[in-house]
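Asks: My questions are about this predicted structure, shown below with the sequence.
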Amino acid sequence: MDYASLPAMSDESELRLYVACARDFGERSSCRQFLAALEECGSDWLPERFGSAEPLRRRFREEGATGACEAWNTPPRPGSAGGDLLYRSSNTLKARGWVYWRRGPRHDVNFVNIAVPAKSPELVIATTLVKLGKWFIRDLGGVFGRVCHSADFDAQHKQRTPGGYQYVGQRLSEGLPGLYWANMFGAELVRLIGERRFEQCPASNKEQTADGTWILFSSASPIDYASDHTQDLRAAMRQTIGAEFFFDINAPNVKPTPIPFQRSAITRLGAQR
């Protein structure tokens, strides 16, 4: 299954973090780094229940990191190379996460996806998701990340079909998916696009991390995605970064210019670990 065809994690109003990674997650150190980042944000962010598939019956307080890493490295089918870690956190936060990784020539990225119900204090939760995104880009080989409201994501990727709807324009190997509240460009994308474009980008706020990642914000809050000011600013941001790189839901048949980031770590064929 390719991540571009996956449905949204929920129909609820959510704040979502997504980080596309070019690192092979087959080492147990990847799982432990992921869990350490969650723990750094507080115990509520750690899994309560987890597994490699629904329903989630395994309890983190009983199995800990050892059990989570086992689920992380459970092949999705016999003879395949990859794994999944699905989890739910405490009822206080109600976060849901999904780490998806595969190894083989048909896969362009592995990813981390975390969703938290959009509720007060939204900005505190969103800021924590940005912090996690920066860590995942630094420690898990992240290429591109975003934090946004679920309705913002739907507006940019949900397309009606005769049978209902589908999500389009998400494959990073085919171009940048879009611009959201927080947009994280890893050092390799920055190098390929040109750092000067990020320096000149007219974002609401922006920062550059020590590892070369640029984080560009399009508004003060993730719930401001529909305002005229935010939409105008995003249009200016696209032009500065390069509008040709971005998918546009209003012109879904126009193919963006792909950015040839390095993904050999996961596209190589290798023995199952």
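Replies: The structure has been received and is ready for your questions.
Asks: mind listing what the helix or strand hosting residue 206 pairs with, with the direction of each?
Replies: Per DSSP states H and E: residue 206 is located in strand 205-208. Neighbouring strands of strand 205-208 in its sheet, by DSSP bridges, are strand 214-217 (antiparallel).
Asks: List of residues touching the partner strand?
Replies: 130, 134, 179, 181-185, 190, 195, 198, 201, 203-209, 237 (CB atoms under 8 Å, 6 or more residues apart in numbering). Just so you know, the C-beta spots here come from the backbone N, C-alpha and C atoms, and that holds for glycine as well.
Asks: Would you map the helices across the stretch 51-200 of the chain?
Replies: Taking DSSP state H, counting those that start in this stretch to define them, one finds helices in the stretch 51-200 of the chain at 60-72, 122-139, 150-157, 187-193, 195-200.
Asks: Figure out which of those is closest to residue 263.
Replies: helix 187-193 (9.9 Å; CB to CB).
Asks: where do the strands sit along the stretch 1-150 of the chain?
Replies: 14-21, 49-51, 58-59, 82-88, 96-102, 110-117, 142-149 (DSSP state E, counting those that start in this stretch).
Asks: Distance to residue 253, mean neighbour count and mean pLDDT added to these, as JSON lines?
Replies: Listed next are the strands of the stretch 1-150 of the chain as JSON lines, based on distance: least, CB to CB, whole Å; neighbours: other CB atoms under 10 Å; pLDDT from 0 to 100:
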{"stretch": "strand 14-21", "distance to residue 253": "23", "mean neighbour count": "26", "mean pLDDT": "97"}
{"stretch": "strand 49-51", "distance to residue 253": "39", "mean neighbour count": "19", "mean pLDDT": "98"}
{"stretch": "strand 58-59", "distance to residue 253": "44", "mean neighbour count": "14", "mean pLDDT": "98"}
{"stretch": "strand 82-88", "distance to residue 253": "31", "mean neighbour count": "22", "mean pLDDT": "97"}
{"stretch": "strand 96-102", "distance to residue 253": "28", "mean neighbour count": "22", "mean pLDDT": "97"}
{"stretch": "strand 110-117", "distance to residue 253": "25", "mean neighbour count": "23", "mean pLDDT": "97"}
{"stretch": "strand 142-149", "distance to residue 253": "23", "mean neighbour count": "26", "mean pLDDT": "98"}
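Asks: Residue 178 contacts residue 246, correct?
Replies: Yes: between residue 178 and residue 246 there is a contact under CB atoms under 8 Å: 6.3 Å.
Asks: which residues touch residue 260?
Replies: residue 192.
Asks: Any stretches of the stretch 1-150 of the chain with poor pLDDT?
Replies: In the predicted model, the stretch 1-150 of the chain carries pLDDT under 70 at residues 1-11.
Asks: Try it again at 90.
Replies: Counting by pLDDT under 90, the stretch 1-150 of the chain shows low-confidence ranges at 1-12, 27-28, 77-80, 104-108, 119-122.
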